[in-house]
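> Mind looking at a prediction? Sequence and model below.
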Amino acid sequence: MANPRVLHLEDSPTGRRRFINVTPEQETHTGIEAYREVLQQYYGQIEPRGTPTDLYVRRVAQRVIQATGMKGDWEVHVIRSPEKNAFVLPGGKIFVFSGILPVAANESGLATILSHEVAHQYARHSAEKLSQASLLQVLYIIASFFVDPNILQLGQAMSSLLLELPNSRQCEQEADQLGLYFMAAACYDPKEAVGLWQRMRAAEASSPPQFLNTHPSTASRIDSIQKWIPEAETRREAAKCPNPDTTRAFFEHQHRRSWLE
């Protein structure tokens, strides 16, 4: 029987078998390059450190990150833009567009979004996508030599399609599940995640948020989240969370001394 390590096969945090041939170091290097590019692209639009919006977003992110137990050089930035979007780069670089904050509506809604992004990092979804892309690219290059030179261009388009649709949706569903558990462990009420996605669904009617691109349908997402809530509530109880007012006051004090400042 073949050794899974030789085949670069491993299980995701939810038990899904996947192919990864990218090392954490390679993933981090890719993230650093992408991070520089994003900072350059949105130069002048990054919310300055210390503003109420910046402190608010980073404080919620800190709660979620602490709940995962992950270490690392985390960075959280708010981009002043009407786009309803948020994303994470390899290495824990989180960007939140200000346009999504009204949809988040409150701290629990924002925690849902940030937990989802942190879950992508936790599950190494970037490494998974990079691995799939590298494998498909090699296959299409070989095919272009021995079958048809034009297949390379078609293959690149198909690679993008495969990565952005079915494979990405698996990762998104996994990030929803893990994110729900993380926000619960951070002492947020997991039931509040349903409200966030209901607001997302309402936003779809006029201007679909970029955050929903290649994601599962919002209706199916809500159904899945409701099924995961009992487990999430168990994790919240295990975290021995105090009442909401006490929790909020504690983290408002902690953010002043946080490494995120």
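In hand now; what should we look at?

> Strands of the stretch 51-200 of the chain, residue ranges please.
75-79, 86-89, 93-97 (DSSP state E, counting those that start in this stretch).

> Which residues does the last one contact?
Right, the one you point to is strand 93-97. Strand 93-97 has contacts (Cβ atoms under 8 Å, 6 or more residues apart in numbering) with 31, 34-35, 38, 42, 57, 61, 74-79, 81-89, 113-114, 117-118, 210. All C-beta atoms are positioned from the backbone trio N, CA, C, and that covers glycine.

> That one: which residues count as buried?
Within strand 93-97, the residues scored as buried using 16 or more other Cβ atoms under 10 Å are 93, 94, 95, 96, 97.

> thinking again about what came up before, quick one, which of the strands of the stretch 51-200 of the chain gets closest to residue 66.
Among these, the nearest to residue 66 by Cβ to Cβ is strand 75-79 (12.9 Å).

> Tell me the helices and strands packed up against that closest one.
The contact analysis (3 or more Cβ pairs under 8 Å, 6 or more residues apart in numbering; DSSP states H and E) places strand 75-79 against helix 52-68, strand 93-97.

> what separates that strand from the chain centre, distance-wise?
Distance, stretch centre to chain centre, for strand 75-79: 13 Å (Cα atoms, centre = their mean, to the nearest Å).

> Mean pLDDT lowest where, among the strands of the stretch 51-200 of the chain?
Across these, strand 86-89 has the smallest mean pLDDT, namely a mean of 90.

> for it, packing partners?
Packing partners of strand 86-89 (3+ Cβ pairs under 8 Å, 6+ apart): helix 24-41, strand 93-97, helix 107-122.

> who's in contact with it?
Taking Cβ under 8 Å, 6+ apart as the rule, strand 86-89 contacts 31, 34-35, 38, 94-97, 100, 113-114, 116-118, 120-121, 126, 211.

> And for stretch 102-117?
Contacts of stretch 102-117 (Cβ under 8 Å, 6+ apart): 56-57, 60-61, 63-64, 84, 86-88, 94, 96, 100-101, 175-176, 178-180, 182-183, 186, 188-189, 192-193, 195-197, 199-200, 203, 209, 211, 248.
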